[in-house]
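[1] Sequence plus the predicted model coming up.
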Amino acid sequence: MTNTVSLLLGVHAHQPAGNFPEVVDKAHQLSYKPFLETLHRYPEFRFAAHFSGWLLQYLFDRFPQDMRLLREMVERGQAEVFGGGDMEPVLASIPTRDRIGQIRALSDRLERLVGVRPKGAWLTERVWEGTVVPALADAGIRYVTVDDYHFMCTGKTVEQLSGFYSTEEDGRELELFPISEALRYRIPFSPANETVAFVEGLATSGPGAAAIYFDDIEKFGIWPETYEWVYEKGWLRQFIEGVLASSSICTLHFDQYRSANSTQGVVYLPTTSYIEMNEWTLPAPRAHVYADLVKQERDHGHYDRDKAFLRGGIWRNFLSRYGESNWMHKRMLQMSARLDALPEAQRPPALRDLLYIAQANDAYWHGLFGGLYLPHLRRAVYNALVELEAGLDLASPRPPREQRDADMDGVEELFLHNGILQAVVRCDGDAAVIELDSYSLRHNFGDTLCRRVEHYYRKMHLGEQHHFHTEGIASAHDRVSFKHPIEPADIEPDTRPRSLFVDRVSAGTGPGEGPVYRLSDSQKPGPMARFEAPLKEGSVGKDIVINDNRLSVRYRFNGVLPCRFETQINLAMPSADGFLGRYVFEGGIPGGFGAPLKLDAMTTLQLEDGVLGGTLELLSSQPVLLEGRPHHTVSQSEEGFEKVMQAVTLTLSWLVDSGDSEMTLALEVRRA
């Protein structure tokens, strides 16, 4: 009797909360819609699908006719739906109470929209930590999919991964399906007939063998050249028909396979994610070493044998690598704890929903796909956090001034707020404002990103464009291309933080130095902070005050020699270099945020932002020289290396006469 292999094929669909509607609509037209339409024509081809909660709701609201196909396929037993965290968090990075809440929220949504509750779950970015097992089990999940690489890190071989395994944590059990890397790299990039033949070859693994695939549906139409390959040239149709015509392959749901087969034993997986992620999480110097080691093993023909032992970093390293990510994460944890501390009756679903949006994974990390470098994704997190904090303050008011080390970096921060604005000041030598929130606009003007060295900058000197295999098409992982021209200055790392009111003093023509501030012993009550810094002669004081809708910074110069003082203000303006963002000076419009600006004697400047829905006014008590420019970073994406505008950088400078003097700068926030 000929052995057969069970094809367990699943696809994962996700768009980040906060992504542009036109991007999501394009993804639907190129991938989700044609995929569902194609599968719908083959009722006997069973498959699994996971949609993150935000995307699932959006698609049902915007494209109900198309999404009805998914419900029909579920009802007729063709499609199995997978659950997971509703807003696609990395479960390991959020509190257990929120893990359970997020999983149940998506299960509820699936039951409402497609009529069933899932037994399986997709793990965001396939990030595994054993600590997530209890939450998954308590939320009704019985099995998850992770990479076969996870299993090989325990000493398993590929030949041992043709079924599922069991694990446990804190008395709860969970079953684990190993996703085949070989299939991930073939589907849909290798010719359909070759891919079908590869699956058929797995039947020789023995009775009960499974070919397990679960990967991004965006590879079916959104990745470069895949729409033409998958749909216009018929790859998906050819693959489905080849599978159905094969006497060696049967398609099953994961749950069907699990019910018909026994576990292959107990396994305990290490903390890890997929191989590429383990490189992305490392700081550039160590990522260079890791990549060189991988290349060395490939060159010597040992990589496939040894890759499980060439371990890179773990997902949480992103919180260590990027201070901006860590700050968002710790602010999110702070909000979660505050919400949990409220009595049950004071926790409306709207506040919980805001917390879950703030836990969406995309803005916290970066590799080929992660969105830390994309301002609109970080903005979605901060929009939710700022609105959530306003709601929490109504339910449980905070004092106007708090001091603590919120991000666990060894430096305390001062939180100054009055219910209209909030300024967070880091108590380091810069005494800069790292977060400026407008509660009415739901916006953090301090949400920007430093330029830093990235490992993949090494690829730029190759100058390669679109590498193709002899047959099939290339994965995005194998391409090096340039969406924008990149100059050496574009990747020069920052030496100072990209915050608000980052100061520098110069007695000559050189670049000057930053005053080293310390928190003054003479603090006044209310939302204000006072800092002092010695200069070569005399001293400078820096008072930061929140009053109504205005943040004021007053500089007090005592006994100083003549010098030039400057401060840099980095502002996250949602319009960036788009046409809805512009400067207004003395009734005229000198340009948009993406253009350079120079004003010799500025006392008032407006920054109007149509996306923000408000205006930020910069005021100076004395005329100052102002220079404005866009702040860009360079990152990689599926489309190649690209420049992204992160902030408007305003540098204000003025001459300080000898003796004693003062200067006050202010930012006033107004709704449109």
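    Good, I have the coordinates. All values derive from a computational prediction rather than experimental measurement. Numbering: from 1, shown residues only.

[2] Let me know whether residue 631 touches residue 649 as I believe.
    Yes: with contact defined as CB atoms under 8 Å, residue 631 reaches residue 649; the gap is 4.6 Å. In this view, the C-beta of every residue, glycine as well, is placed from N, C-alpha and C.

[3] residues shared between the contacts of those two?
    Overlap of the contact sets of residue 631 and residue 649 (by CB atoms under 8 Å, 6 or more residues apart in numbering) consists of 498, 570.

[4] Looks to me like residue 652 is in a helix.
    No: when the secondary structure is assigned by DSSP: H, G, I helix; E, B strand; the rest coil, residue 652 falls in strand instead of a helix.

[5] Once you drop chain neighbours, what's closest to it?
    Setting aside the residues directly before and after it, residue 652 is nearest to residue 624 in space (CB to CB, 6 or more residues apart in numbering), at 4.7 Å.

[6] swap in residue 357?
    Residue 357's closest residue in space is residue 384 (CB to CB, 6+ apart), at 4.1 Å.

[7] What's the local residue count around the one you found?
    24 (other CB atoms under 10 Å).

[8] and it, which of the three is it?
    Look at residue 384: counting by three-state DSSP, its state is helix.

[9] Do I have it right that it meets residue 352?
    No: Residue 384 is beyond contact range of residue 352, at 11.0 Å (criterion: CB under 8 Å).

[10] related to what we said a few turns ago, return the distance of the residue nearest to residue 652 relative to residue 47.
    Per CB to CB, to the nearest Å, residue 624 is found 63 Å from residue 47.

[11] Pass me the low-pLDDT residue ranges in the chain, would you?
    For the chain, residues meeting the criterion pLDDT under 70 lie at 1-2, 369-370, 461-484, 508-510.

[12] mind giving me the domain split of it?
    Listed by automatic domain parsing, the domain ranges of the chain are 5-280, 316-397, 455-671.

[13] Span of the shortest one from start to end?
    Using CA to CA, to the nearest Å, the end-to-end distance of domain 316-397 comes to 32 Å.

[14] same check, this time on the longest one
    End-to-end distance for domain 5-280: 34 Å, by CA to CA.

[15] is it true that residue 544 lies in a helix?
    No: counting by three-state DSSP, residue 544 is not found in a helix; it is strand.

[16] and it, what are its bridge partners?
    Judged by DSSP bridges, the bridge partners of residue 544 are residue 529, residue 553.

[17] contacting residues for it?
    416, 423, 425, 431, 433, 501, 528-531, 551-553.

[18] again, only this time at 7 Å
    416, 423, 425, 433, 528-529, 553 (CB atoms under 7 Å, 6 or more residues apart in numbering).

[19] just residue 207 next, same as before
    The contact partners of residue 207, by CB under 7 Å, 6+ apart, come to residue 3.

[20] Is it in a helix, a strand, or coil?
    Following three-state DSSP, we place residue 207 in the coil state.

[21] quick one: residue 271 from residue 316, how far?
    Residue 271 is 8 Å from residue 316, by CB to CB.

[22] okay but the residue nearest to residue 357 is in contact with residue 359, surely?
    No: with contact defined as CB atoms under 7 Å, residue 384 does not reach residue 359; the gap is 8.9 Å.

[23] Export only the CA atoms of the biggest strand by length in the chain, formatted as CSV.
    Counting by DSSP state E, the longest strand found in the chain is strand 614-637. Output in CSV follows, covering the C-alpha atoms of strand 614-637 (Å, rounded to 0.1, in the frame of the first residue of the first chain):
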residue,chain,number,x,y,z
GLY,A,614,-4.0,70.9,14.8
THR,A,615,-1.3,73.5,15.0
LEU,A,616,1.9,73.7,17.0
GLU,A,617,3.1,77.2,17.6
LEU,A,618,6.7,77.9,18.5
LEU,A,619,7.3,81.1,20.5
SER,A,620,10.5,82.9,21.6
SER,A,621,10.8,85.7,24.1
GLN,A,622,13.6,87.2,21.9
PRO,A,623,14.4,87.0,18.2
VAL,A,624,16.4,83.9,17.4
LEU,A,625,18.0,82.3,14.4
LEU,A,626,16.0,79.3,13.4
GLU,A,627,17.0,76.6,10.9
GLY,A,628,14.6,73.8,10.1
ARG,A,629,15.2,70.6,8.1
PRO,A,630,13.6,67.2,7.8
HIS,A,631,15.1,64.3,9.8
HIS,A,632,15.3,61.1,7.7
THR,A,633,16.4,57.6,8.5
VAL,A,634,17.3,54.8,6.1
SER,A,635,15.8,51.3,6.5
GLN,A,636,15.2,48.3,4.4
SER,A,637,11.8,46.9,3.4
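
[24] Show me what it is packed against.
    When contacts are defined as 3 or more CB pairs under 7 Å, 6 or more residues apart in numbering; DSSP states H and E, strand 614-637 packs onto strand 597-609, strand 640-656, strand 659-671.

[25] okay if I get those as TSV plus mean neighbour count and distance to residue 113?
    Shown next, in TSV, are these (neighbours: other CB atoms under 10 Å; distance: least, CB to CB, whole Å):
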stretch	mean neighbour count	distance to residue 113
strand 597-609	17	36
strand 640-656	20	34
strand 659-671	17	35
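
[26] of all those, which lies closest to residue 616?
    strand 597-609 (4.4 Å; CB to CB).

[27] now that closest one, how far from the centre of its chain.
    33 Å (CA atoms, centre = their mean, to the nearest Å).

[28] Show me the strands in the stretch 101-250 of the chain, by range?
    Along the stretch 101-250 of the chain, counting by DSSP state E, counting those that start in this stretch, strands occupy 120-122, 143-147, 165-169, 172-179, 210-216, 249-251.

[29] after the last one comes which helix or strand?
    This points to strand 249-251. The helix or strand immediately downstream of strand 249-251 is helix 254-260, counting by DSSP states H and E.
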